[in-house]
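# predicted coordinates and the sequence they were generated for:
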Amino acid sequence: MHILALLVFPFLSTASVLQRPRDHEHPHNVEKRLPSTWYHHPDHPVHSLFRRGDTDGVTYAPVGSDEWAAGYPPDPPASPDVKTMPAAWLAALNDAIARKAIPEIPLTTAPSEDDNPVYPKGVDPNSPEICSSTYQCRIDGQVWDAPDSTLGLSFDDGPEAGSNKLIEFLKTNGQKVTHFMIGSNIRNNPDAFTQEFDLGNDIAVHTWTHPHMTTRSNEEVVAELGWTMQIIHNSTGGRVPKFWRPPYGDSDTRVTAIAKEVFGLTTVIWNQDTSDWSLSDSPPGTTAAKINSSMTQWLTGPKSPGLIILEHELSEQAVATFMSAYPVMQKNNWNVMSLAQLIGHNASYQNSDNNDSPVNAVDVINAKSGSPPQRLTPERLTPERVLYSRRFSY
């Protein structure tokens, strides 16, 4: 078994004032761009988690069909049942725990989605052992900032009510973006998902049910990420997502490590927040005028660090604020790119550069090993490693 290097968790922020879950407006240094050619060693359990087979000849159920939908967990609000998730996911988690790659820290509690998750009394969320992104603590390897003069476009929570409006605008302007998608929303809105993928936009992970992830057990974190990766994999010709964004920006050393060690996912946060998600609340939590004012301030201000702005496709109102800001991005000479392409060095997936590139059906990227891609030989394809040749029935 290849031993993966442990994640390192230095003190990258000492913010101690409690923030709203989505309020992450805080100056930070620029994150370095991430290499695109990192691979899990083929002996690692994760190696087979999302493979399509030894060739690209696997036929998947048509996206949107009953057969396709039957392969995934039922609708929220319940998180996916950990007892029914694939054994290989649990094996990969247990392997990471055995290697002490997953920190043993307490879970949080969050009375509602509007409340910050809280650690038990006496636990400092800004300590290096915890380093909660909700409290603006940064972990080495997470992405919060774009390179200078660049703006990484992304939209959360899709496919949703604002997706069609966003699709038409992006198509008209020839602009690519990254969609951090909720797995259950993909299952329930397959047409919008297919349109966004076919448009050439990058697909990333935003969990299956959109929970505060630090409130979830290790196994529940794996299920939330794994099922979302699985539906993306089986709906994009076998592509394995490279990035994930925690709902509410809520992660810590434990959750970040599970995402990386089990699934090879890099955690992406943001450095500016529009609060556009609240436009469709009753009553609204902000206004289009306030968002436009904030956007103008950010887009006409300093270009170091570059911008990663939290935006959503939850509603047409939210999409409209992006549409209003887009000309300001262009006028102020920002290098506007899909976020996954920007921070992934032009490789949006772990096994494919983009939606049109060839798919490497074997390798899964590992951010620490630096191993080159290697193909499994037929004699090494044991039954427990050949997973997802078609789909799972949930």
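Yep, it's here.

# the most centrally placed residue in the chain: what's its closest spatial neighbour, skipping adjacent residues?
Closest to where the C-alpha atoms of the chain average out (C-alpha atoms, centre = their mean) is Trp244, at 1.3 Å. Distances taken as C-beta to C-beta, 6 or more residues apart in numbering put Val205 closest to Trp244, at 3.7 Å, once the chain neighbours are dropped. Quick note: C-beta positions are derived from backbone N, CA and C, even for glycine.

# which helices and strands does the longest strand along the chain pack with?
If you go by DSSP state E, the chain has its longest strand at strand 150-158. On a contact count with 3 or more C-beta pairs under 8 Å, 6 or more residues apart in numbering; DSSP states H and E, strand 150-158 meets strand 178-181, helix 190-198, strand 307-310, strand 335-338, helix 339-343.

# what inclination does it have with respect to helix 190-198?
Per axes from the mean of the first three to the mean of the last three C-alpha atoms, to 10 degrees, the angle that strand 150-158 makes with helix 190-198 is 160 degrees.

# may I have strand 150-158 as CSV, with CA atoms only?
Output of strand 150-158 as CSV, limited to C-alpha atoms (Å, rounded to 0.1, in the frame of the first residue of the first chain):
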residue,chain,number,x,y,z
THR,A,150,-7.3,37.1,-12.2
LEU,A,151,-11.0,36.5,-11.4
GLY,A,152,-12.1,32.9,-11.0
LEU,A,153,-15.8,32.6,-11.8
SER,A,154,-17.9,30.0,-10.0
PHE,A,155,-21.6,29.4,-9.1
ASP,A,156,-22.9,27.4,-6.2
ASP,A,157,-26.0,25.2,-5.5
GLY,A,158,-27.0,24.4,-9.0
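
# after it, which helix or strand is next?
helix 163-173 (DSSP states H and E).

# what's in contact with that following helix?
For helix 163-173, contacts defined as C-beta atoms under 8 Å, 6 or more residues apart in numbering pick out 155, 158, 175-177, 189, 192, 195-196, 199, 201, 313, 316, 319-320, 322-323, 326.

# what is the mean pLDDT for the helix or strand hosting Thr228?
Assigned by DSSP H and E, Thr228 belongs to helix 218-235. For helix 218-235, mean pLDDT is 95.

# next, the angle helix 190-198 makes with that helix.
Going by the same axes, to 10 degrees, helix 218-235 makes 70 degrees with helix 190-198.

# heading C-terminal from helix 218-235, find the next helix or strand.
Following helix 218-235 in sequence, per DSSP H and E, is strand 243-244.

# now do that next one: which elements does it pack against?
Using 3+ C-beta pairs under 8 Å, 6+ apart: strand 243-244 touches strand 178-181, strand 202-205, strand 266-267, helix 339-343.

# got CSV for the ones you listed, with mean neighbour count and mean pLDDT too?
Output for these, formatted as CSV (neighbours: other C-beta atoms under 10 Å; pLDDT from 0 to 100):
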stretch, mean neighbour count, mean pLDDT
strand 178-181, 28, 99
strand 202-205, 28, 98
strand 266-267, 22, 98
helix 339-343, 27, 98
